[in-house]
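> Show me the folded form of this:
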Amino acid sequence: MKKKYIILVVSSLFLLVLGYFEYKIFNLYYYDTNDIMEEQYVNFLNNLENKNTITINTNLNVDDYLTFKNIKIRNDFEEFKKIDESNDVLEYVKYVLYDENEKGQAGFVFGISDTYVNMLKEDVSVYGSDIKKINDSGLEEFFNENNINNDIELFEYLKNNKDVKNNIFTSVKQMKNNYTIHLLSSIAFPSLENYTLIEGDYVGYIFNSNKLKEVNIIKNNKRYIFSFINLDYFNEKYINELLNTVIID
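Predicted structure coming up:
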């Protein structure tokens, strides 16, 4: 009788351990971050290493401003055509410079949006409908546990964890979190060559690509966005000069 009891206990423990590892293996494949690592997103993560810094010192000696909501920037856009294109995610206005054949030569967009961190915390539906596997209910806890309070800290986290892979010893909670943060980031963030940190009178960051610069100034828990399209027209020196005229109330 005692021998049968021992066999029963050992068998039960074996089945429990087997079930546990089957559960872990299922989740390991289900939340495989390799599925997310497409070329554009891998390039984004790698280029987070390519970081430099600029300083904005606000120049108040400006006579003519272009204004949108609570944002001002020196009005160098009198020859540009204004196009309003606000949507549910981003309030913005677009200006385009056309040539004599009505072909766009350069563009400037500025507006206001939520920070990426806030959007991830509050409404992941903006990233599309094919996100059934993500652990959206635990994102705020995830950000708190990893001291991610703003977009720049999110970029640092992604950079420092870009090579982290789920394995059999990773908790299922962490598997879900690893998969969730990389999936949403792969959807949300653009392709870039490098990014620039902003310091001085404002803080924020710039996404740099070969076609445009997207400047994001963080204030009032919002992103104030300035996009410069056609970097032959808006060269780096000119963009920096314009940024020094920005006023956000």
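> And for the closest residue to Glu153 other than its chain neighbours, the neighbour number?
Excluding its sequence neighbours, the residue lying closest to Glu153 (C-beta to C-beta, 6 or more residues apart in numbering) is Asn147, at 6.7 Å. Bear in mind the C-beta positions are built from the backbone N, C-alpha and C, glycine included. Asn147 is surrounded by 9 other residues when neighbours are defined as other C-beta atoms under 10 Å.
> what does the one 10 residues further on give?
A total of 17 residues lie near Tyr157 under the criterion other C-beta under 10 Å.
> Which positions within the helix or strand harbouring it qualify as buried?
Assigned by DSSP states H and E, Tyr157 falls within helix 151-160. Of all the residues in helix 151-160, those buried under the rule 16 or more other C-beta atoms under 10 Å are 151-152, 154-155, 157-158.
> and what of stretch 227-235?
227-229, 231, 234.
> Identify those among those residues that sit within strands.
With DSSP state E as the criterion, strands contain 227-229 from among the buried residues of stretch 227-235.
> Need those residues in TSV (columns: distance to Glu85 and pLDDT).
Below are those laid out as TSV (distance: C-beta to C-beta, whole Å; pLDDT from 0 to 100):
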residue	distance to Glu85	pLDDT
Ser227	12	96
Phe228	16	97
Ile229	13	96
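> ok, the residue positioned nearest the centre of the chain - contacts?
The residue lying closest to the centre of the chain (C-alpha atoms, centre = their mean) is Phe189, at 4.5 Å. By C-beta atoms under 8 Å, 6 or more residues apart in numbering, the residues touching Phe189 are 41, 44, 116, 207.
> quick one: which of the residues you listed is nearest Tyr95?
Taking C-beta to C-beta as the measure, Tyr95 lies nearest Phe207 of the contacts of Phe189, at 19.4 Å.
> sorry, back to before: using CSV, lay out the contacts of Phe189 together with neighbour count and pLDDT.
Below are the contacts of Phe189 laid out as CSV (neighbours: other C-beta atoms under 10 Å; pLDDT from 0 to 100):
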residue, neighbour count, pLDDT
Tyr41, 19, 87
Phe44, 22, 88
Tyr116, 18, 89
Phe207, 21, 93
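> So which of those residues belong to strands?
Checking these against DSSP E, those in strands are Phe207.
> want to try a markdown table for the contacts of Phe189, with distance to Leu18 as columns?
Below are these laid out as a markdown table (distance: C-beta to C-beta, whole Å):
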| residue | distance to Leu18 |
| --- | --- |
| Tyr41 | 36 |
| Phe44 | 40 |
| Tyr116 | 41 |
| Phe207 | 48 |
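> Just give me the closest of the contacts of Phe189 to Thr58.
Closest to Thr58 out of the contacts of Phe189 is Phe207 (21.9 Å), distances taken as C-beta to C-beta.
> I figured that closest one hits Phe226, correct?
No - Phe207 lies out of contact with Phe226 (C-beta atoms under 8 Å); the separation is 11.2 Å.
> Give me the common contacts of these two.
The contact sets of Phe207 and Phe226 overlap at Glu214 (C-beta under 8 Å, 6+ apart).
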